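Asker: Curious how this folds, go ahead:
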Amino acid sequence: MPICRNKEDVFRLPFLKNPCFLHKGKTITSSHLMEAGLLWIRDIMNDDFSVKLDFIFGVLKNKNINFRKCSIRSITEKIKNTVTLFWERIMQTKDISMQNDDLNFLLCQNNNPVPVQEIKTKAWYKLLIAEIKRTPTTEKIWAQIFPGFNTKSIWTSGGGLFTPPTLQHLDFKIKHRRIFTGIVLHQINKGKYERKCKKCNEQDEDLEHLFLDCSLVRAFYSTIRRTIQSACNFHCGSDTKWTLLFLFGLKKNSAHQHTHIINTILSYTRFSVWTVRNYALYENRTLSLLPFFKTLFLNHLKNCFFAIPDTFNQLLNTGHTLFTVHQNNITLNL
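Answerer: Got it, this is the predicted structure:
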């Protein structure tokens, strides 16, 4: 409750079951007044602390509440006496605090103690996030597979030039390791699915094998890697860095001038691997990765060419040799 310094503060207080208003050591209760919705001192008392008996009787009658006038007079008299005594104590002390809810402690902010009232909302959010945030399980697994890799960077990597939602969804599932690999499907239905990779039939298919270690995928990646290096003048460095690129893509804020087009290529690369594998798994069809990728990527470029010609022309004039345009015909240099 707030500190009571005047009569208005007192009249804003509830009188039922309030430990500030005790009669013979007990709080005051009244089922009739509660049912009538008369809960606050201002509801039943005038400014001179007299009881609004006629008003109370009228409310009870209007709400069809059965009551005895003598009982109501008795309970309101008790309330009047306790409230009057309470007000007299206020006049004597000038300040009675029933419960002081003011916060008067300090919090450390930037290594300095700061009164809690001065801390801004944004700072509160940061404190709460620091307390409740947990490292995603997928980050822990990626850290085990790639020691020393900054796993937090995967959330700001990838994305390309108007890549379709289907590709974005696949990238999301790879980052979160939510892929139904052969091993997972075999655990779900052993009679229907095998653990082995349907593309190469050499090893059990976990996520790393599906997108990285399969012999057919490695050959496909080698072609894509050479294309990006030569057509976009991009040199990543070690094989491990290229592996991470094929999984997650470049950071969106990368300074390389061909970041968007490289991320688009890589996104379609992952999607091609995923789709060709699904054809082999669910339809028992064998598709070649590179021709399938070319078809998908070329169709995407054509859509961009007609839908966003200005943006497409800007990409065309950035110095890469990935594709050429002649009389509205796009040719991939793969």
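
Asker: going forward, measure contacts between C-alpha atoms and count neighbours the same way
Answerer: Will do.

Asker: any chance you could map the strands in the stretch 201-334 of the chain?
Answerer: 323-326, 329-332 (DSSP state E, counting those that start in this stretch).

Asker: any chance of those in TSV, with distance to Lys302 too?
Answerer: Putting the strands of the stretch 201-334 of the chain into TSV (distance: least, C-alpha to C-alpha, whole Å) gives the following:
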stretch	distance to Lys302
strand 323-326	10
strand 329-332	7
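
Asker: Would you mind putting those strands into TSV with distance to Val116 and mean pLDDT alongside?
Answerer: Conversion of the strands of the stretch 201-334 of the chain to TSV gives the following (distance: least, C-alpha to C-alpha, whole Å; pLDDT from 0 to 100):
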stretch	distance to Val116	mean pLDDT
strand 323-326	60	81
strand 329-332	62	83
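
Asker: nearest to Glu202, of these?
Answerer: For the strands of the stretch 201-334 of the chain, the distance to Glu202 is smallest for strand 329-332, at 32.2 Å, taking C-alpha to C-alpha.

Asker: got the CA coordinates for that closest one in CSV?
Answerer: Taking C-alpha atoms only, strand 329-332 is exported to CSV below (Å, rounded to 0.1, in the frame of the first residue of the first chain):
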residue,chain,number,x,y,z
ASN,A,329,19.2,-15.1,-72.6
ILE,A,330,21.2,-16.0,-69.5
THR,A,331,24.2,-18.4,-69.8
LEU,A,332,25.8,-20.0,-66.8
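
Asker: between the strands of the stretch 201-334 of the chain, which gets nearest to Leu290?
Answerer: In this view, those are compared for proximity to Leu290 by C-alpha to C-alpha, and strand 329-332 is the closest at 12.0 Å.

Asker: just checking, next helix/strand downstream of the helix or strand bottoming out on mean pLDDT in the chain?
Answerer: Taking all helices and strands of the chain together, the one with the lowest average confidence (mean pLDDT, DSSP states H and E) is strand 106-109, at a mean of 70. Sequence-wise, the next helix or strand beyond strand 106-109 is strand 112-115, with elements assigned using DSSP states H and E.

Asker: Could you tell me which strands that following strand is paired with, and in which direction each runs?
Answerer: strand 106-109 (antiparallel) (DSSP bridges).

Asker: Could you report the pLDDT at the residue in the chain sticking out farthest from the centre?
Answerer: The outermost residue of the chain, judged against the average C-alpha position, is Cys70 (60.1 Å), by C-alpha atoms, centre = their mean. The confidence metric pLDDT takes the value 89 at Cys70.

Asker: can you start the count at 24 instead of 1 from here on
Answerer: Shifting the count to begin at 24 puts that one at Cys93.

Asker: Let me know the helix or strand that Ile202 is in.
Answerer: With elements taken from DSSP H and E, nothing contains Ile202; it lies in neither a helix nor a strand.

Asker: List phi and psi for it.
Answerer: The phi and psi torsions at Ile202 (degrees, to the nearest 10) take the values phi -100, psi 130.

Asker: got a list of what it touches?
Answerer: Contact analysis of Ile202 by C-alpha atoms under 8 Å, 6 or more residues apart in numbering lists 196, 230.

Asker: Now do it against Trp297, distance only.
Answerer: Shown here: Ile202 relative to Trp297, a distance of 10 Å by C-alpha to C-alpha, to the nearest Å.

Asker: go on, Val348?
Answerer: Val348 sits at a distance of 29 Å from Trp297 (criterion: C-alpha to C-alpha).

Asker: Once you drop chain neighbours, what's closest to Ile98?
Answerer: By the measure of C-alpha to C-alpha, 6 or more residues apart in numbering, the closest residue to Ile98 outside its immediate chain neighbours is Ser53, 7.5 Å from it.

Asker: how many neighbours does that neighbour have?
Answerer: Burial of Ser53, expressed as a neighbour count using other C-alpha atoms under 10 Å, amounts to 16.
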